[in-house]
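Novice: Give me coordinates for this.
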Amino acid sequence: MRVIAHAIDYGTSNSAIASVDLDSEQIVFSQNPKLKDGVEGFNKYLVPSNFYFDRSRQNLVGWPGLSQFATLASARTKCSECDRSGERKNGVIDWNRLCNYASKKRGCFDSRLAHAVKTEIANERIVRTHSWGDDYTTIDFVAAVMQELVESANKSYNLKSGVVNKVVLGRPVVFPGAEGRNSEILESNALQILEQAARKVGFREIVFLDEGSASNYGMNIESGNCLSLDFGAGTFDVATAKKQPGKQTVVLSSHGADVGGNEVDEKLFDLYLGQRMGLGSTIKGISPVHVTQRTANLLKSLRNYTRALHMPEIRAEIEEAKTKPGGEPLYEAAALLSSGQGISVYQAIQKSKIELSSNTSSNISYKLPGQAPTNILIHKIGRAHV
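Specialist: I've put the predicted structure just below:
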């Protein structure tokens with residue numbers, strides 16, 4: 001097998017890599033070698049596009065990072081006790097050099113998670129963070145995911161690191177947040193971040209292809225006009241193309257919108273789990289039980305859930321509310337925040353959504369410590385049976 005180039009789809013929630021095999025003249029996909037127990041049923045070719053980092057300088061990408069963060073996110077260390085506090089001037093800690101993320105009186109959390117980074121790359125300037133004496137940028141976060149993908153491909157095909165230096169990068173027609181008056185500048189900045197991340201991984205020849213058009217190349221159609229739809233976690237792209245035998249595919253048009261599957265995940269939570277957990281349902285017009293709407297909304301999406309893990313006031317609010325009359329459903333919401341296994345709920349929702357793309361029904365199944373197992377049957381027509 002002779003791999004001459006890689007193709008990477010860096011997504012909002014998940015990313016994937018494919019490779020061009022010169023011998024077979026086919027595109028092959030490498031499998032994610034780090035799928036752990038509890039995420040079976042997920043697409044084995046996808047890697048979650050997150051980057052975990054902590055005080056001990058441990059870095060993790062994908063499901064391991066999400067699981068580690070769910071377990072350790074609430075841990076907090078006082079600045080005076082931090083092992084990164086060695087940055088001193090005349091015996092006095094230089095807080096500005098130590099950690100911009102810290103609060104000098106309360107310290108800071110021991111871990112962080114860069115999640116849904118793709119929604120942040122269309123900015124007028126590169127987003128940066130300085131934590132525990134280390135600097136990180138959006139380029140670092142994107143490059144870490146790309147590196148994970150490349151390593152999985154190298155492992156799948158027994159390739160030496162750096163052998164393949166050509167890559168095709170998928171890009172949305174419209175990046176999240178890049179619409180409006182400065183769209184051209186924001187689009188250009190987003191492409192530069194993707195390119196710099198690819199170069200940091202080791203690629204030298206880099207080509208961009210919009211995701212809708214890329215989908216057309218995978219269609220098993222010899223000739224005719226094709227319409228492809230790429231409904232990702234953060235963006236929705238469409239493209240029309242013309243295929244002719246023995247000729248290169250010609251893209252006729254493409255268009256995109258800043259909308260994606262993450263919103264579907266949130267709606268599934270709201271519709272099927274919100275009332276069950278005492279968080280109410282906006283769709284059904286049901287108010288949360290003894291907690292604010294802001295708190296309820298934070299737990300209805302994976303992205304906001306990772307934020308809530310760093311907000312002790314949210315956990316305190318739910319812990320107090322669950323003891324009030326009628327607050328029993330909030331025990332499950334409390335377990336979501338305190339068990340370290342809350343990520344399994346969002347995994348179950350994503351898994352169900354993926355299954356619904358090709359089946360008429362699916363299940364949302366999970367088990368939180370101290371709670372009865374949950375198994376909700378979902379039909380596409382909108383009915384649910386527990």
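Novice: need the helices for this structure, in chain order.
Specialist: Along the chain, counting by DSSP state H, helices occupy 63-72, 95-98, 138-157, 183-201, 211-217, 261-268, 293-298, 302-308, 312-321, 330-338, 343-356.
Novice: how far out from the middle of the chain is the last one?
Specialist: Going back to what we said before, that points to helix 343-356. 13 Å (Cα atoms, centre = their mean, to the nearest Å).
Novice: Then the third one?
Specialist: Between the centre of helix 138-157 and the centre of its chain there are 15 Å (Cα atoms, centre = their mean).
Novice: residue nearest the centroid of the chain?
Specialist: S13 (2.8 Å; Cα atoms, centre = their mean).
Novice: That one is in contact with G261, isn't it?
Specialist: Yes. Counting by Cβ atoms under 8 Å, S13 touches G261, with 7.2 Å between them. All C-beta atoms are positioned from the backbone trio N, CA, C, and that covers glycine.
Novice: ok so, going back, residues contacting the residue nearest to the centre of the chain?
Specialist: By Cβ atoms under 8 Å, 6 or more residues apart in numbering, the contact list for S13 reads P48, S49, A116, G232, A233, G234, G261, N262, L302, Q350.
Novice: In those, find the pair that's most separated.
Specialist: Maximum pairwise distance in those, criterion Cβ to Cβ, is 14.8 Å, between G232 and L302.
Novice: Tell me which of the two has more neighbours.
Specialist: The residue with more neighbours, out of G232 and L302, is L302; 25 against 22, by other Cβ atoms under 10 Å.
Novice: Against V127, how distant is that one?
Specialist: With distances taken as Cβ to Cβ, to the nearest Å, L302 is found 20 Å from V127.
Novice: Settle this for me: K324 is touching H290, isn't it.
Specialist: Yes. Using Cβ under 8 Å, K324 is in contact with H290, at 5.1 Å.
Novice: okay, the two: which has more neighbours?
Specialist: H290 (19 against 11).
Novice: how far away is the nearest residue to the more buried one once chain neighbours are set aside from T292?
Specialist: Once flanking residues are discounted, H290 sits nearest to A321: 3.6 Å by Cβ to Cβ, 6 or more residues apart in numbering. When distance is defined by Cβ to Cβ, A321 is 10 Å away from T292.
Novice: and if you look at E332?
Specialist: 18 Å.
Novice: who has more neighbours, these two?
Specialist: E332 (20 against 12).
Novice: That one reaches Q371, doesn't it?
Specialist: Yes. Between E332 and Q371 a contact is recorded at 5.3 Å, counting by Cβ under 8 Å.
Novice: Spit out the contact partners of T77.
Specialist: R55, G107, C108, D110 are the contacts of T77 under Cβ under 8 Å, 6+ apart.
Novice: Repeat that for L22.
Specialist: L22 is in contact with R2, V3, I4, counting by Cβ under 8 Å, 6+ apart.
Novice: so what pLDDT did V207 get?
Specialist: With respect to pLDDT, V207 scores 94.
Novice: pretty sure it contacts R171?
Specialist: No. The criterion here is Cβ under 8 Å, and V207 misses it with R171 at 10.3 Å.
Novice: more crowded one of the two?
Specialist: R171 (22 against 11).
Novice: residue ranges with poor pLDDT in the stretch 251-386 of the chain?
Specialist: 258, 381-386 (pLDDT under 70).
Novice: what's the neighbour count on the closest residue to A144 other than its chain neighbours?
Specialist: Spatially, and ignoring its direct neighbours in sequence, A144 is nearest to F51 (4.8 Å; Cβ to Cβ, 6+ apart). Look at F51: counted by other Cβ under 10 Å, it has 24 neighbours.
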